[in-house]
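Undergrad: Provide a 3D model corresponding to the input given below.
(4 chains)
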2 protein chains.
Amino acid sequence: MDSHKLYDAEYRFCSLVWDSEPVNSTELVRLAADQLGWKKSTTYTVLKKLCERGILQNDNAIVTALVKREDAERYESTIVVEKTFGGSLPRFLTAFLGERKLTDQEAEELKKIIEEAKQ
Amino acid sequence: MDSHKLYDAEYRFCSLVWDSEPVNSTELVRLAADQLGWKKSTTYTVLKKLCERGILQNDNAIVTALVKREDAERYESTIVVEKTFGGSLPRFLTAFLGERKLTDQEAEELKKIIEEAKQ
DNA sequence: ACCCGAGGTCTATTCCAGTAGACTACAGGA
DNA sequence: TCCTGTAGTCTACTGGAATAGACCTCGGGT
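TA: Okay, the predicted model is just below:
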């Protein structure tokens, strides 16, 4: 349940998968070497752990994600709001905005997102 | 600069300080024992590190915070939005809301916060 | 029959956050 | 004078995230 928590390195790795799934494992080794500077065994070690935790899937060298990017993002955002802001989105928003100013356009975009989440 | 990053244990400890500053260090030892289950030396070790990083201040056994709760909260929220959502607040909001639904009242509150951050 | 690349496993090593134990110094009461 | 509480330091252990090196197997090409 809580094993959906992705550590930093895992998150970066999953990002590669999300960007290119379904992807061959050897190709993934190449991508991780390129974009993360990882050695082959590092990739396989991390891949295996993520498979064991039901986050990724490796089927005959074809890697796909069981936990989708949106799931991980939602989880991540929820955690922060809970841990740091007592679960209150308004408190999060207030803190984030701080002295920051929004343009009319940005404000409209945000309000639209909120409007769509009503009910 | 980036030393303002608070690790989990540090954050919990700072919360105690924020809640009760200015606070005597012995009293803080007591609070940390009560609320975090920490031993005395743990409290002093963490306190010292935070002082060295300019986050707290210990003056003749009177502890105060140089970095305020709002600063830490803003920092924390900014980090997530940047690290996980490419700095885009709309993307964060969309992810957080996900399938969640807002009541009219909640939506109004959020829109008000946004409105106040305009320009 | 041999080599090579694909596809992987298993076992370390390193680093650091988190936590604590043992010790020191000093001031004020009994 | 000794004890006790306050205030603090310094060193050390532990667990786990991050990373990698050495090794294994198997199928296809020469």
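Undergrad: what about the top helix by length along chain A and DNA strand D, touching?
TA: Longest helix in chain A by number of residues (criterion: DSSP state H): helix A:69-85. No. On the criterion C-beta under 7 Å from any atom of the strand, helix A:69-85 is out of touch with DNA strand D, staying 13.6 Å away. (C-beta placed from N, C-alpha, C; glycine too.)
Undergrad: quick one: average pLDDT of that helix?
TA: In this model, helix A:69-85 carries a mean pLDDT of 93.
Undergrad: Report the mean per-residue pLDDT for the helix or strand hosting A:Glu108.
TA: Using DSSP states H and E, A:Glu108 sits in helix A:104-116. What helix A:104-116 shows for mean pLDDT is 94.
Undergrad: name the helices or strands packed onto it?
TA: With contacts defined as 3 or more C-beta pairs under 8 Å, 6 or more residues apart in numbering or on different chains; DSSP states H and E, helix A:104-116 has these neighbours: helix B:89-97, helix B:104-116.
Undergrad: Could you rerun that using 10 Å?
TA: Applying 3 or more C-beta pairs under 10 Å, 6 or more residues apart in numbering or on different chains; DSSP states H and E, we find helix A:104-116 packed against helix A:89-97, helix B:89-97, helix B:104-116.
Undergrad: List the buried residues of that helix.
TA: For helix A:104-116, burial by neighbour count (16 or more other C-beta atoms under 10 Å in any protein chain shown) applies to A:Glu106, A:Ala107, A:Glu109, A:Leu110, A:Ile113, A:Ile114.
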